[in-house]
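Trainee: When you get a sec, could you give me coordinates for this:
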Amino acid sequence: MDLKKILRKIDEFKIITMPAVIVVFLLFVSMLVFYFVSSYPAIERYGIDLFIKNVWIAAEEASKEVYGLAAPIWGSIYTAVIAILFALPISIAYAIYVNDYAPKPLKYPLIIISDIMAGLPTIIYGIWGALILVPILRDYIMKFLYEYFSFIPLFDYPPLTGFCYLSAGILLGIMVIPFASAIIREAYAMIPTVYKEGLYALGATRYEATKVLLGYIKPAILSGFILAFGRALGETVAVSLVIGNAFNLTYKLFAPGYTISSLIANQFGNAPIYKYMTSALYAGGLVLFLIGLVVNLIGLYYLRRWRAHVSH
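Mentor: Next comes the predicted model:
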């Protein structure tokens, strides 16, 4: 087949696949427009206060309704950050162990268990978190930190129930580990064997070789971070069962809080009774949408920088 025919085939393939690209773009735009239009009544009424104030007053008279999403917005970001700080090191270590250190009889069962965890319904995590994880964290970690390290502001809130930002963050971290580790594990496994052999030939230890090889999969690690952050940011049922559902705007780890997703899950059924609550909840969804968009754009920016650095 000559070059002209190859180019013609490529052009035909572009034409065939272009409708799929257009459909995806239109879906993205339509979702953004829908959330903006649905949230506009609350934005028009409360302005910027809807996003920077911490207040939630529902009233039958529309003039007495006051809503502010500061606490749920903060809770969504805060718990997602806690989840990433907890999950990413474990995901990287898990991927390395499965590929380089796990005995063959143990390797594939570990991969299967990770894949099963990724497919479990979130309500299972939520119930397990509320009945098992929260009491363990409260009795063996929170109380210890509060008793001996309460001079640190993060730990000076009394862990009365254990339903708090820390519990939500740890549970989210456990939930996103399978997703992040799968991406990192596959990327690490695809590193050419000749790279590893070359490092060992140069006298590198196993630890030193692993450090160098991780540098080759920085895009995969970043992709795992983005996926895990987005997954943690939008989780609903599991978080609502362990975070405490209180409008606290604080950085204290042991304080109960709210996320946008858990707020929507808890309030959406009652929202039609009130004039502006539904619109305020849509505004929360719009914020989640925009945060996810910003995180992905930042990830794409750093991926391009990394590729440009590697190419040079």
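
Trainee: use CA for all of it now, contacts and neighbours both
Mentor: Will do.

Trainee: Okay, and Trp56 sits in which element?
Mentor: Assigned by DSSP states H and E, Trp56 belongs to strand 54-57.

Trainee: Can you give me the domain boundaries for this structure?
Mentor: 3-62, 70-275+289-311 (automatic domain parsing).

Trainee: Verify the stated contact: Cys164 with Ser240.
Mentor: No - between Cys164 and Ser240 there is no contact under C-alpha atoms under 8 Å: 10.2 Å.

Trainee: Show me what the worst-scoring helix or strand of the chain on mean pLDDT is packed against.
Mentor: Sorting the helices and strands of the chain by mean pLDDT, DSSP states H and E puts helix 277-311 at the bottom, at a mean of 82. Other elements packing on helix 277-311 under the criterion 3 or more C-alpha pairs under 8 Å, 6 or more residues apart in numbering; DSSP states H and E are helix 3-46, strand 66-69, helix 218-234, helix 260-267.

Trainee: Recalculate using a threshold of 6 Å.
Mentor: helix 3-46 (3 or more C-alpha pairs under 6 Å, 6 or more residues apart in numbering; DSSP states H and E).

Trainee: Could you name the helices and strands sitting against the helix it packs on?
Mentor: helix 277-311.

Trainee: List the buried residues for the helix it packs on?
Mentor: Neighbour-count burial for helix 277-311 flags 277-289, 291-292, 295-296, 299-300, 303 (criterion: 16 or more other C-alpha atoms under 10 Å).

Trainee: how distant is that helix from the center of its chain?
Mentor: From the chain centre to the centre of helix 277-311 is a distance of 11 Å (C-alpha atoms, centre = their mean, to the nearest Å).

Trainee: and that helix with helix 3-46, angle?
Mentor: Interaxial angle, helix 277-311 versus helix 3-46 (axes from the mean of the first three to the mean of the last three C-alpha atoms, to 10 degrees): 140 degrees.

Trainee: Helix 277-311 to helix 218-234, inter-axis angle?
Mentor: Using the same axes, to 10 degrees: helix 277-311 against helix 218-234 is 170 degrees.

Trainee: what angle separates helix 277-311 from helix 260-267?
Mentor: Using the same axes, to 10 degrees: helix 277-311 against helix 260-267 is 160 degrees.

Trainee: residue nearest the centroid of this structure?
Mentor: Ranked by distance to the mean C-alpha position of the chain (C-alpha atoms, centre = their mean), the top residue is Phe229 at 2.3 Å.

Trainee: still on that earlier bit, and among the domains of the chain, the most buried is which?
Mentor: Highest mean neighbour count among the domains of the chain (mean count of other C-alpha atoms under 10 Å): domain 70-275+289-311, with a mean of 18.

Trainee: what residue ranges in the stretch 101-250 of the chain score low on pLDDT?
Mentor: Within the stretch 101-250 of the chain, no stretch has pLDDT under 70.

Trainee: all helices in the stretch 101-250 of the chain, in order from the N-terminus.
Mentor: Along the stretch 101-250 of the chain, the segments classed as helices by DSSP state H, counting those that start in this stretch run 104-119, 122-128, 134-137, 143-149, 165-189, 193-201, 206-216, 218-234, 237-242.
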